[in-house]
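Visitor: from the sequence below, what's the structure:
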Amino acid sequence: MVMANNTLPQVLLGAGVLAALAAGFWLIGGPQAARMENRDEKRMMDLRALQAHVTCLANANAQTLPQALTGSEGCPAPRLKDRFTDAPYRYARLSDSAFDLCAAFELPERVRHSPQLNTDTGCLRFTYRPDG
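Guide: Purely as a prediction, here's the structure:
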């Protein structure tokens, strides 16, 4: 009888640990969600490189935003396609100074450091400011 009383706390502790692990996976999504977030961070890095590329193209073209993403001798094009899906990144010139760069994010609501990301469209809005 004394032995049964000693196992009950161990069983309860084990059940509590399992419940905590299950809750942790439920909250953060586990390893698959971490991989998706990592791929989205790489997409964000690609869009930031494309932002710099668009700025380079505009500076080289009389401070005019390009109509499409292309490379040039002075502004070699960075990665224009998603490295995981091979889908092209999207560019939209909205005005003389505004443009969108878009990707198909897997978990857009979890992309860090990007308040300008529209999670519905996967687009980042940028404003072109000519160099000095």
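
Visitor: so for the single longest helix found in the chain, mean pLDDT?
Guide: Longest helix of the chain, by residue count under DSSP state H: helix 30-60. Helix 30-60 comes out with an average pLDDT of 93.

Visitor: just checking, what packs against that helix?
Guide: Helices and strands touching helix 30-60, by 3 or more Cβ pairs under 8 Å, 6 or more residues apart in numbering; DSSP states H and E, are strand 98-102, strand 123-127. For the C-beta atoms, the positions are set from N, CA and C on the backbone; glycine is no exception.

Visitor: same thing but 7 Å
Guide: Contact here means 3 or more Cβ pairs under 7 Å, 6 or more residues apart in numbering; DSSP states H and E; on that basis helix 30-60 packs against strand 98-102.

Visitor: what lies in contact with the next helix-or-strand element following the strand it packs on?
Guide: Secondary structure here is assigned by DSSP states H and E; on that basis, the next helix or strand after strand 98-102 toward the C-terminus is strand 117-118. Contact with strand 117-118 is made by 108, 111, 124, as judged by Cβ atoms under 7 Å, 6 or more residues apart in numbering.

Visitor: so which of those is the most crowded?
Guide: Ranked by neighbour count under the definition other Cβ atoms under 10 Å, the contacts of strand 117-118 are headed by Leu124 with 21 neighbours.

Visitor: which strand residues bridge it?
Guide: In this entry, Leu124 is beta-bridged to Leu101, Leu117, by DSSP bridges.

Visitor: now do it against Ala98, distance only.
Guide: Shown here: Leu124 relative to Ala98, a distance of 11 Å by Cβ to Cβ, to the nearest Å.

Visitor: again with Thr119
Guide: Using Cβ to Cβ, we find Thr119 at a distance of 19 Å from Ala98.

Visitor: between the contacts of strand 117-118, which is nearest Leu57?
Guide: Looking at the contacts of strand 117-118 and their distance to Leu57, the nearest is Leu124, at 16.9 Å (Cβ to Cβ).

Visitor: check contacts around the closest one.
Guide: The neighbourhood of Leu124, defined by Cβ under 7 Å, 6+ apart, consists of 47, 100-101, 114, 116-117.
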